[in-house]
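>>> A predicted structure for the sequence below; I have some questions about it.
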Amino acid sequence: MIDFIKTAHLAIWALTPGGAALGRKIAGMLPDADLYLSRKCGDRETGCLFFSHLADAVTKKFSGYDGHLFIMSTGIVIRVLAPLILHKTIDPAVVVMDEAGRYIISLLAGHIGGANRLTKEVAALIRAEPVITTATDVNRMPSIDILAGQRDLAIENPGAIRHVSMSFLKGDRIYLHDPYRLMIDALPRKSMVADRQTAFQKGLAGIFIDDRVLDLPDQILVLRPKSLVVGIGCNRHTPMTEMRHLLLNTFKESNLSPASVACFASVDIKADEKGLLALGRSFKCPVLFFSKKELGEVTTIEHPSAVVEKHLGVKSVCEAAAILAAQNSHLTVPKQKTPNVTVSIARKSFISSA
């Protein structure tokens, strides 16, 4: 695993001369860190940013960094951050340390945000004592949100994390649906229950890893793998809104999760299509493009189009592109269309449909 401090954009905050000295030392060890100092420490130094009021400065900069290191009392930091905290799935990492550099505390977004990792890594740099208080870490239990992040699994209902974590801490059995074996090797197998009916009847917490949408109890944590590829064909200058509307309707009608989209795929003559590129950005997914020759070599098309063949010389764009991008031989959802857009969905070949 890559160190958090090697890739994160960090802010270091200090109020006193002693904190400023420690902040300069730590900033010099980090590849991408900005040092913010109170003007009371003096504002003639170079390589630093200065603030007059801590709360105002942090409010402006809080969401712009992956993590924040405060060299000051924990009480001050809590009062400043209280109005800014949204949710552990989106808050940046926050750690606090004393200006003598003896202790460094993971305060906010310990798992998903990376504060626990930041705490340990900075502690190792300056030989401080890391303080981690999250229950799963203290008890050396699996941190399900960290495991999800490591496996590129989108957390659909983060409120269920607490049910899974509590079951681990209590030693209770947990329902696990993991047909693609993305997490099973990281969990204690003797605690896992595979039978859904038994698990639900007993009210067990659980983990459901799948791109399918099912009606599940609140205590089941739903994790979405990046398992689906969307093939798209479109007329020139089709707006992104029309593409997105058809796509979301298709996912809904097929009981599939849009959070499982791994990428989009189309023909290479659409590589400059603004609506398609915007769709990829809206899903934070890449858009792959295939040549007409590549599309024409796909032999498992379910709904060939005479119109597409007349204009492009191939029988299909959306279905052929989805099949190619998924490295698969069949479609999960065949072609769906509006007057200007066609979409189809395939499941990536490394993930079975079991």
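That came through fine. Numbers count the residues shown, from 1 in each chain.
>>> for the stretch 51-200 of the chain, what spans make up the helices?
For the stretch 51-200 of the chain, the helices identified by DSSP state H, counting those that start in this stretch occupy 54-61, 74-81, 115-126, 135-138, 144-150, 161-170, 196-201, in order along the chain.
>>> and the next helix or strand past the helix ranked longest in the chain?
Of all the elements of type helix in the chain, the one with the most residues (DSSP state H) is helix 240-253. Per DSSP states H and E, helix 240-253 leads on to strand 261-267 as the next helix or strand towards the C-terminus.
>>> strands paired with that following strand, and their directions?
Each strand that strand 261-267 pairs with, and the sense of that pairing, follows from DSSP bridges: strand 228-234 (parallel), strand 287-290 (parallel).
>>> which of the ones you listed sits most buried?
Relative to the other members of the strands paired with strand 261-267, strand 228-234 carries the highest mean neighbour count by mean count of other CB atoms under 10 Å, namely a mean of 28. In this view, the C-beta of every residue, glycine as well, is placed from N, C-alpha and C.
>>> export that strand as PDB, just CAs?
Presented in PDB, the C-alpha positions along strand 228-234 are these (Å, rounded to 0.1, in the frame of the first residue of the first chain):
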ATOM      1  CA  LEU A 228     -20.100  -3.100 -15.200                       C
ATOM      2  CA  VAL A 229     -19.200  -1.700 -18.600                       C
ATOM      3  CA  VAL A 230     -21.600   0.500 -20.500                       C
ATOM      4  CA  GLY A 231     -21.500   0.600 -24.300                       C
ATOM      5  CA  ILE A 232     -22.900   3.800 -25.800                       C
ATOM      6  CA  GLY A 233     -23.800   4.900 -29.300                       C
ATOM      7  CA  CYS A 234     -25.200   8.300 -30.000                       C
END
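>>> what lies in contact with it?
211, 243, 247, 256, 260-267, 270, 273, 275-276, 279, 308, 316-323, 325-326, 332, 340-348 (CB atoms under 8 Å, 6 or more residues apart in numbering).
>>> adding distance to Leu118 and mean pLDDT, write the strands paired with strand 261-267 out as JSON lines.
As requested, the strands paired with strand 261-267 are arranged in JSON lines below (distance: least, CB to CB, whole Å; pLDDT from 0 to 100):
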{"stretch": "strand 228-234", "distance to Leu118": "33", "mean pLDDT": "95"}
{"stretch": "strand 287-290", "distance to Leu118": "33", "mean pLDDT": "96"}
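>>> now these as JSON lines including distance to Asp145?
Conversion of the strands paired with strand 261-267 to JSON lines gives the following (distance: least, CB to CB, whole Å):
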{"stretch": "strand 228-234", "distance to Asp145": "22"}
{"stretch": "strand 287-290", "distance to Asp145": "29"}
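>>> those: which one's closest to Ala33?
Taking CB to CB as the criterion, Ala33 comes closest to strand 287-290 out of those, the separation being 33.7 Å.
>>> pass me the low-pLDDT residue ranges in the stretch 151-300 of the chain, would you?
Applying pLDDT under 70 to the stretch 151-300 of the chain flags no residue at all.
>>> element containing Gln336?
Using DSSP H and E, the secondary-structure element containing Gln336 is strand 333-337.
>>> so which of the strands paired with strand 261-267 gets nearest Ala55?
Closest to Ala55 of the strands paired with strand 261-267, according to CB to CB: strand 287-290, at 42.0 Å.
>>> next secondary structure after the closest one?
helix 292-296.
>>> gap between that following helix and the chain center?
Helix 292-296 has its C-alpha centroid displaced from the chain centroid by 33 Å (CA atoms, centre = their mean, to the nearest Å).
>>> run through the bridge partners of the spatially most central residue of the chain.
When the chain is reduced to its mean C-alpha position, the closest residue under CA atoms, centre = their mean turns out to be Ala154, at 5.6 Å. Beta bridges link Ala154 to Arg224 when assigned by DSSP bridges.
>>> identify the residues contacting it.
By CB under 8 Å, 6+ apart, Ala154 lies in contact with 148, 223-224, 226, 259-260.
>>> which of the residues you listed sits closest to Phe283?
Distance from Phe283 was checked for each of the contacts of Ala154 by CB to CB. The minimum falls on Ala259, at 9.1 Å.
>>> and the strand or helix carrying Gly275, what does it pack against?
In the assignment (DSSP H and E), Gly275 maps to helix 274-283. Other elements packing on helix 274-283 under the criterion 3 or more CB pairs under 8 Å, 6 or more residues apart in numbering; DSSP states H and E are strand 228-234, helix 240-253, strand 261-267, strand 287-290.
>>> TSV for the ones you listed, including distance to Thr198?
Formatted as TSV, the helices and strands packed on helix 274-283 follow (distance: least, CB to CB, whole Å):
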stretch	distance to Thr198
strand 228-234	29
helix 240-253	30
strand 261-267	32
strand 287-290	42
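>>> for Lys6, which of those is the nearest?
Lys6 lies closest to strand 261-267 among the helices and strands packed on helix 274-283, at 25.7 Å (CB to CB).
>>> doesn't Val343 make contact with Thr332?
No - taking CB atoms under 8 Å as the definition, Thr332 is not a contact partner of Val343, at 11.6 Å.
>>> circling back to that earlier point, got the angle for the helix holding Gly275 vs strand 261-267?
The directions of helix 274-283 and strand 261-267 differ by 170 degrees, with axes from the mean of the first three to the mean of the last three CA atoms, to 10 degrees as the criterion.
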